[in-house]
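fold the following and give me the result.
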Amino acid sequence: MPVDENFTIVPNEWLRNTGLSPVANFLLIYLLSHQVGYEIRVRQIVAETKIGVKAFRSALKELQAQDWVSVSRAKQADGTLGSYRYELNSSRVPQGTVADGTVARSTVAEGTLLRRQLRENKYREDNKRAIKLPNDWKPSERLMGMFDSKWPDVDRDYEVEQFQTYWWASGKTKVDWDMTFQNWMGRVQKRSGGSGSSAARLRAEALAEMERDENE
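Sure thing, here's the model as predicted:
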């Protein structure tokens, strides 16, 4: 299931109607809170969940009995038993939520290292996508259609020109320039409200609010 640094996304149905005991349901969600390939030990599970060894074994048997979890233990090169591997039954996995696991490729990483790698990958991806306002940028047809419906009290051509001038001069980067323009116009319209307020003042107030949001 999708996991980031602090949150695990679990369908409401899994919280309300799994047919599992509370302890088994909690253990299932706990296991889901780790990235695919995370190396884990029973002692860690018991220490972090506080459910006790006996309760853990009982809950794990329940998950296996109801086909929520499959557990295997591969042999190592020297013939000794290696780590346990917990896998969701394929019939329980929603389509498209599980990527190719590192376990299958025998490239298991420690949890903290894996999380750091994912965080760095996300940082690189975000910065790769963020660009300066293109020299030929103009509002899309969708945005142009919003002037009459959402921003009727502002000067369209004037605000487009001011938006372009400001962001070209600032050199700042954004991931989605259409959304940035939509936010800009939304703030200008909110301050205008058909009151005949100064366009320059409205634009300055909208810009100040956007910068405060970025700083926060």
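
which parts of this structure are helices?
12-16, 22-32, 42-49, 53-65, 111-129, 141-149, 156-170, 177-192, 199-215 (DSSP state H).

any idea which of the ones you listed scores lowest on pLDDT?
For these, mean pLDDT drops lowest on helix 111-129, to a mean of 63.

state the distance from the closest residue to R156 other than its chain neighbours to E141.
In space, R156 comes closest to F147 once its chain neighbours are excluded; the distance is 4.9 Å by CB to CB, 6 or more residues apart in numbering. Using the backbone N, CA and C atoms, a C-beta is placed for each residue, glycine as well. Look at F147 and E141: by CB to CB, to the nearest Å, they are 11 Å apart.

now do Q189
For Q189 relative to E141 (CB to CB), the value is 19 Å.

among those two, which residue is more densely surrounded?
Taking other CB atoms under 10 Å, Q189 and E141 do not tie; Q189 has more neighbours (20 against 8).

the helices of the chain: which one's closest to S83?
Closest approach to S83 among those is made by helix 42-49 (10.2 Å; CB to CB).

care to break the chain down by domain?
Annotated domains of the chain cover 12-102, 131-215 [automatic domain parsing].

in TSV, list these along with distance to N6.
Output for the domains of the chain, formatted as TSV (distance: least, CB to CB, whole Å):
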stretch	distance to N6
domain 12-102	10
domain 131-215	21
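
find the nearest non-adjacent residue to K172, please.
Setting aside the residues directly before and after it, K172 is nearest to K132 in space (CB to CB, 6+ apart), at 7.2 Å.

re earlier: contact partners for the residue nearest to R156?
Counting by CB atoms under 8 Å, 6 or more residues apart in numbering, F147 touches V154, R156, M185.

narrow those to those that are buried.
V154, R156, M185 (16 or more other CB atoms under 10 Å).

from what I see, the last one and V160 are in contact.
No: counting by CB atoms under 8 Å, M185 stays clear of V160, with 9.2 Å between them.

need the residues touching each of the two.
Counting by CB under 8 Å, 6+ apart, M185 and V160 have no shared contacts at all.

what is the neighbour count of W68?
Using other CB under 10 Å, W68 is surrounded by 22 other residues.
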